[in-house]
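> sequence-free structure coming up:
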């Protein structure tokens, strides 16, 4: 059978599961997980660390950037990529391959999720500015080769999330970009960065979240205003969970809005946002 990963804190339960599976399938215990599909995993008594150092090194070698300069930022916040600016690439295949590689990296590299979602928008007809942005991402990955996503071995069922929208931030079509991230205790478990499919006239975006920097959205959820008919269903949907106590909506200042990392470019705040995501340089070269 294919590779299987068993994770847990119950040695007896894990052993029983292994014995059961051995009776059903031909399998071999490979010991503690250390490497899986390019992902490197290490652990100590209280933590797990996930990194892509070898995968990134191979990717840089593939495009001849092993000895490239490094950069501490992903993209200039003033940069605005458009579908028609610049000349078309003569080799669009390479661009598309690199986008695929970077999308795979976002599995444990939330810091590149926003910029990867941007360059992914131009795979149909990539142009020179889009490729330059791609190379900038690779230079950043070179400088953060040993960045690892940290997970605490201390289990907790406290779930909280951050959600934010960059209203009409796309200068080409004025669509908004939605970003959110969910934490279980202090460990980041899922995140998302995506441009909305339609132009929205309201920034009242609702999801199962409890930390938001939009006071109006929070108030609408707590006190429904009947005149706001265009989001009536959304209001009723989220308000039923709020009134039951299943979801709590709390205000967080824009400075502490972790989801900002997933819907806009940053310069000065970038390192602070990474620290909130528990993305650290745990493996020095």
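Received the coordinates, thanks. Model, not experiment: these values are computed from the prediction.
> Quick check: next helix or strand after the strand or helix carrying residue 238?
Element membership for residue 238 (DSSP states H and E) is helix 232-244. Next along the chain after helix 232-244, taking DSSP H and E as the criterion, comes strand 250-251.
> What mean pLDDT does that next one get?
The average of the pLDDT scores along strand 250-251 is 72.
> which stretches of the stretch 151-285 of the chain form strands?
159-166, 177-184, 187-195, 211-212, 250-251, 279-281 (DSSP state E, counting those that start in this stretch).
> Neighbouring strands - and their directions - for the last one?
Yep, that's strand 279-281 we're talking about. Strand pairing for strand 279-281, using DSSP bridges, gives strand 147-152 (antiparallel).
> Any buried residues in the partner strand, and which?
Across strand 147-152, burial judged by 16 or more other C-beta atoms under 10 Å covers 147-151. For glycine as for every other residue, the C-beta is placed from the backbone atoms N, C-alpha and C.
> Can you tell me which of those residues comes closest to residue 269?
residue 147 (17.1 Å; C-beta to C-beta).
> quick revisit: JSON lines for the buried residues of strand 147-152, including pLDDT?
Below are the buried residues of strand 147-152 laid out as JSON lines (pLDDT from 0 to 100):
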{"residue": "147", "pLDDT": "88"}
{"residue": "148", "pLDDT": "87"}
{"residue": "149", "pLDDT": "86"}
{"residue": "150", "pLDDT": "84"}
{"residue": "151", "pLDDT": "83"}
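> As a check, name the ranges of all strands in the stretch 1-150 of the chain.
Under DSSP E, counting those that start in this stretch, the stretch 1-150 of the chain gives strands at 35-36, 39-43, 47-51, 147-152.
> ok, and for stretch 128-140, which residues are buried?
Buried positions in stretch 128-140, judged by neighbour count with 16+ other C-beta under 10 Å: 129-131, 133-134, 136-140.
> Mind listing residues that contact the lengthiest helix in the chain?
Longest helix of the chain, by residue count under DSSP state H: helix 128-143. Contact partners of helix 128-143, identified using C-beta atoms under 8 Å, 6 or more residues apart in numbering, comprise 56, 59-60, 63, 65, 68-75, 79, 81-82, 85-87, 89, 95, 98-99, 102, 105, 112, 115-116, 118-119, 122.
> Counting neighbours, which of those end up buried?
Among the contacts of helix 128-143, the ones that count as buried by 16+ other C-beta under 10 Å are 56, 59-60, 71, 73-75, 81, 89, 95, 98-99, 102, 105, 112, 115-116, 118-119, 122.
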